[in-house]
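[1] I would like the atomic coordinates for the input below:
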Amino acid sequence: MAPPPGPKDWDIRFRTNDAARGWEELCRQAPGNTLAAWTAMRRNPAPRTDSRRHARLHGRLSTAKLDDRFLSRWQIEVTGAGRVWYLVDPDKATVWIDYAGPGHPKATE
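    I've put the predicted structure just below:
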């Protein structure tokens, strides 16, 4: 499903098995939109300007701890309810998907 890597592409990893399973469900339900989300995360995971479907989360959800660092958390709306939440690690050029699924995530952090 993923496009071939380019010279400036970011690495994408899943933080949990649940996030990976949710990603697979999104792929089944909305393959075109899910591919577009993958491409956005690989090429420009933290755009300078938010859009209606791709934005940094706000408030207590705007960051999450990974190892010993706090990273910014972003969201891509894949379908009306389907979302991908991910952390951006600029030091390692890595995106960490911490939620993916056809329903809106429950804010538990």
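[2] And the strands in the chain?
    11-14, 54-56, 63-66, 69-77, 83-89, 94-101 (DSSP state E).
[3] can I get those in JSON lines with mean pLDDT and distance to Cys27?
    Any C-beta I mention is one placed from the backbone N, CA and C, and that applies to glycine too. Formatted as JSON lines, these follow (pLDDT from 0 to 100; distance: least, C-beta to C-beta, whole Å):
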{"stretch": "strand 11-14", "mean pLDDT": "97", "distance to Cys27": "13"}
{"stretch": "strand 54-56", "mean pLDDT": "97", "distance to Cys27": "18"}
{"stretch": "strand 63-66", "mean pLDDT": "96", "distance to Cys27": "24"}
{"stretch": "strand 69-77", "mean pLDDT": "97", "distance to Cys27": "14"}
{"stretch": "strand 83-89", "mean pLDDT": "97", "distance to Cys27": "11"}
{"stretch": "strand 94-101", "mean pLDDT": "97", "distance to Cys27": "9"}
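[4] between these, which one is nearest to Glu24?
    Among those, the nearest to Glu24 by C-beta to C-beta is strand 94-101 (8.5 Å).
[5] Which other helices and strands does the closest one contact?
    strand 11-14, helix 17-29, helix 31-43, strand 83-89 (3 or more C-beta pairs under 8 Å, 6 or more residues apart in numbering; DSSP states H and E).
[6] right, so the ones you listed: which one is the most enclosed?
    Highest mean neighbour count of those: strand 83-89, a mean of 23 (counted as mean count of other C-beta atoms under 10 Å).
[7] Tell me which strands that strand pairs with, and in which orientation.
    On the basis of DSSP bridges, the sheet neighbours of strand 83-89 come out as strand 69-77 (antiparallel), strand 94-101 (antiparallel).
[8] which of those strands is buried the deepest?
    Ranked by mean neighbour count, the strands paired with strand 83-89 are led by strand 94-101 with a mean of 22 (mean count of other C-beta under 10 Å).
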